[in-house]
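Enquirer: Just to be clear, the model below is a prediction. Sequence and coordinates:
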Amino acid sequence: MSNNDWKKRLGVVYSTSDDFDYEKEGADEQETLPNEEQKLKVLLDKKQRKGKKVSLITGFQGTEDDLKDLSKWLKTKLGVGGSAKNGEILIQGDFRDRIVELLSNEGYNVKKAGG
């Protein structure tokens, strides 16, 4: 991949000034909190999923890469599929109790919500 990706600069107004330096909005990505300071909630969701259940983990404070790493670790431990985006982790199926147990053992402040 090239460092000169034009899609990242859509909507940018260019300057002819020699001393102009472009700064991206949102470049300061949120720092990931330690496990003990995370306040995660695990709930069951089946809205807009054609009746299929997913375990939804919300409340993660940190970078998108750390969120994806945590998601990958959980999916591996549970042997299921899922995804991670927008600060949420989706795990296919109802694994709320097992997720709470796994995250608690890793030092996360986690609770089961709803049901």
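Expert: Happy to help now that I have it.
Enquirer: which residues sit against the longest strand that the chain contains?
Expert: Looking across the chain with DSSP state E, the single longest strand is strand 39-45. If you take C-beta atoms under 8 Å, 6 or more residues apart in numbering as the criterion, strand 39-45 is touched by 53-61, 90, 94, 96, 99-100, 103, 108-115. Glycine gets a C-beta too; all of them are placed from N, C-alpha and C.
Enquirer: Now list the buried members of those residues.
Expert: The neighbour-count criterion (16 or more other C-beta atoms under 10 Å) marks 54-57, 59-61, 90, 96, 99-100, 103, 108, 110 among the contacts of strand 39-45 as buried.
Enquirer: So what's the residue count around the nearest residue to residue 109 once chain neighbours are set aside?
Expert: Using C-beta to C-beta, 6 or more residues apart in numbering and skipping the chain neighbours, the partner closest in space to residue 109 is residue 39 (5.3 Å). Here the count is done by other C-beta atoms under 10 Å, and residue 39 has 13 residues near it.
Enquirer: Please apply the same query to residue 72.
Expert: By other C-beta under 10 Å, the residues close to residue 72 number 13.
Enquirer: So it versus residue 66, what's the distance?
Expert: According to C-beta to C-beta, to the nearest Å, residue 72 and residue 66 sit 11 Å apart.
Enquirer: With residue 91 instead?
Expert: With the distance defined as C-beta to C-beta, residue 91 ends up 17 Å from residue 66.
Enquirer: neighbour count winner among the two?
Expert: Legend: neighbour count by other C-beta under 10 Å for residue 91 and residue 66, higher for residue 91 (24 against 17).
Enquirer: mind checking the SS state of that one?
Expert: The three-state label given to residue 91 by DSSP: H, G, I helix; E, B strand; the rest coil is strand.
Enquirer: My read is that it contacts residue 70, right?
Expert: No - Residue 91 lies out of contact with residue 70 (C-beta atoms under 8 Å); the separation is 11.0 Å.
Enquirer: circling back: avg pLDDT for the longest strand of the chain?
Expert: Confidence for strand 39-45, expressed as mean pLDDT, is 93.
Enquirer: just checking, next helix/strand downstream of it?
Expert: strand 54-58 (DSSP states H and E).
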